[in-house]
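Peer 1: Sequence first, predicted coordinates after that:
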Amino acid sequence: MKKYIIAIYLRLSKEDDRWREESNSITMQRTLLVKYIEENFTEYELVEFCDDGYTGTNFDRPGMQEMLKGIKDGEINCVIVKDFSRFARDYVELGSYLEQIFPFLGVRFISVGDGYDSNSYQGSIADLDVNFKNLLYDLYSKDLSDKVRSSLAIRKEKGQYVSASSPFGYEKDPKDRHALLVAKEEAEIVRRIFSLTLDGYTSVEIAKLFNETGVKTPIQFKIEKGTTSRKPKGERFLWSSSIVCRILRDETYVGSIVQKKYTRDFVGGKNRLNPREEWLVFYGHHEPIINKEDFDRVQERRGKKKLPQRDPTHPLVGKLVCGCCKKNLSYYRRLNPYFTCYQRYSNTLENCVSKVNVMFMEQYILCKLQDKLEAEGELERLRMEEAGRLRQEISMLKEKKGTLSARMEDLNRQNFESYQKYVDGRTDHFQSDTLAVKELEEELTGLNERLQELETAYCRMKSGEGGNGGSRFAKLTKEMIGRYVDKVFVYDEQHIEILWKNNCGTE
C-alpha cells in the first residue's frame, strides 16, 4: 500500500472573518481534515500549512508557497483541503492545478467538502459539477471582494481607521475598533526616536543604540500581545534603519490618518501608490504622540542625505545571507560591484559581512556547482541542455535580425523614393526618417554583437573545447541559481557555506 505524505492546507481570509463564516475557522478546518484522514488513510505522515488572514484570489501566501515548494521538492504527494475555496478562489488557477500541475507531479488532491478526490478522475476530465463549483467560488470571491472594498471605501470617506492592525505606538480601542488609543510603552519609544533625530542622530545610529541597549522592537510587542507569531532570522529581533525611517515618516503620530494612499487595480492585484493630491488626510483623528512642529522639523532634515542605492536585480540577490546575523546581503552596483550586510551599521554584532566581491562570489558558486554536478554525473547532460538553450536563443535572434533588416530596407527605400520625388519636382520638400534608420542601425549593431557572443559560447559548449574547462559552464546564470541553490551563507571570502536545493546538503 502506498504511503502518503499528506499536507493539510488551512486558510482563513479577512473577508471570512468579517462575514462571520464560523465553519471556515482554522480550528474547524483542522478538526474536519484530521478526522477525514484518520478514517480514510492508514499509512501516512502529516504536515500542516496555514494562512490566516490571506485572500484566496492569488497564491502569494506564505503557507501556500511553503507547501508548493515541498510539493516541487518531492516531499509531499497528497494535499487535502476543506473545500476548493480554501485552496484557491481563482477558477483558472485552480483548474490548472487540478488538471495539469498536480497530475504531472503525481500529487493526489482531495477536497473533503466538495467530495472531490483526484484519484477518481485519473485519465479523465473532472465532471461538470466540479467545474461549476470552481466557477461559483471564483464569482463569489470577486463579488465578496467588491462588497468589502465598497464597505471599506465608505468607512474611509468617513475618516474611520480601517486597517486590521494598529501602528506601532497605538492599539485598537476595545470599545471601537475604528479608533486608536496610545500604547504608553510603545509611544515612549516613538518619542525617543523623534527626539534623537532632532538631536542629530541618523536612523542607523538610532537603530544601533536601541540594539545595544536592548530596546524591544515593534514585532516583539506584537508577539507579546499575541497578534502575530514569528521567529527572528538570527539569534534575536533587531532594530534596523528602515524600521526607524518608517516611524519617522508616519503621519499617524501627529494624530492624522491617511486614506486612499494606495489603489489595487483588480482583485488579487498589487497595490499602486496614488498621487499625493488624491490621498484623504483626516487631522485630529486620535491623540497625537508627536507635535506637528517637531514632525515637520524632522521631515525637513530627512531626505537631504541620500544613501547609496541598492540594486535588487542581480540573480544572487535573496540567495546570499550574512553568516553572522542571518540577514540577506545587499547588492551594490559600482565599478567593482559587491555584496554587503547593510545591517552591520545598526546591529551590535561584530562579524557581519563588510564586503564580498560579486565576480568572486559568482565564480566560487559556479565552480562548486560544477564540481557537484560532475561528481553526480550530471555535468555533461546539463552542458548539452545549455547548448540547446543557446541554439534556441541564437535562432530567435537571427529571426529578429531578419525582421530588423527588412524594416531597414523598407525605410531606406522610402527615403530614396521621397528624395527622387523632391529631385523630380513632384514635391516641394524632402522628408527623410533618418532618426528611425539610426535607431535601427544601433539595434542591429547590438544584436550582432550578442549573436557573436552566443555563437562563440555555443561552439565551445557543444564541442567541449579546451579539455575539462571547455565542458564546463562559462557563466553562472539565473536559471542555475534558481534550480540548484537554496541559500549561501557568507562569513567572509574564505568562509562560505552553500545550501543546495533538493536536500543535497551543504558545502
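Peer 2: Now that the structure is in, tell me what you want to look at.

Peer 1: just checking, what's the longest helix in the protein?
Peer 2: The longest helix of the chain (DSSP state H) is helix 379-423.

Peer 1: just checking, what packs against it?
Peer 2: Judged by 3 or more C-beta pairs under 8 Å, 6 or more residues apart in numbering; DSSP states H and E, the packing partners of helix 379-423 are helix 358-375, helix 434-463. To be clear about C-beta, it is placed using only N, CA and C from the backbone, and glycine gets the same treatment.

Peer 1: Go again with 6 Å.
Peer 2: Helices and strands touching helix 379-423, by 3 or more C-beta pairs under 6 Å, 6 or more residues apart in numbering; DSSP states H and E, are helix 434-463.

Peer 1: Specify the angle between the longest helix of the chain and helix 358-375 in degrees.
Peer 2: Angle of helix 379-423 versus helix 358-375, following axes from the mean of the first three to the mean of the last three C-alpha atoms, to 10 degrees, is 130 degrees.

Peer 1: Show me where the stretch 301-450 of the chain dips below the pLDDT cut-off.
Peer 2: 303-312, 378-387, 390, 419, 422-425, 427-437 (pLDDT under 70).

Peer 1: which residues of the stretch 251-400 of the chain fall in strands?
Peer 2: Using DSSP state E, counting those that start in this stretch, the strands of the stretch 251-400 of the chain run over 257-259, 262-264, 271-273, 280-282, 320-322, 330-332, 338-340, 356-357.

Peer 1: Just give me the neighbour total for Cys459.
Peer 2: Residues within reach of Cys459, counting by other C-beta atoms under 10 Å, total 12.

Peer 1: scratch that, Asp296 is what I was asking about
Peer 2: 12.

Peer 1: and what of Asn58?
Peer 2: Asn58: 16 surrounding residues under other C-beta under 10 Å.

Peer 1: And it, how far from Ser163?
Peer 2: According to C-beta to C-beta, to the nearest Å, Asn58 stands 20 Å off from Ser163.

Peer 1: secondary structure class for Glu45?
Peer 2: Applying DSSP: H, G, I helix; E, B strand; the rest coil to Glu45 yields a three-state assignment of strand.

Peer 1: sorry, back to before: now the longest helix of the chain: how far from the chain's centre is it?
Peer 2: Offset of helix 379-423 from its chain centre (C-alpha atoms, centre = their mean, to the nearest Å): 35 Å.

Peer 1: And for stretch 341-350?
Peer 2: 24 Å.

Peer 1: cool, stretch 48-60 as well?
Peer 2: In terms of C-alpha atoms, centre = their mean, the centre of stretch 48-60 is set 15 Å apart from its chain centre.

Peer 1: Next, the buried residues of stretch 210-227.
Peer 2: For stretch 210-227, the neighbour count (16 or more other C-beta atoms under 10 Å) marks Phe210, Asn211, Val215, Thr217, Pro218, Phe221, Lys222, Ile223 as buried.

Peer 1: Quick check: phi and psi at the third one.
Peer 2: Which is Val215. phi -70, psi 130 (degrees, to the nearest 10).
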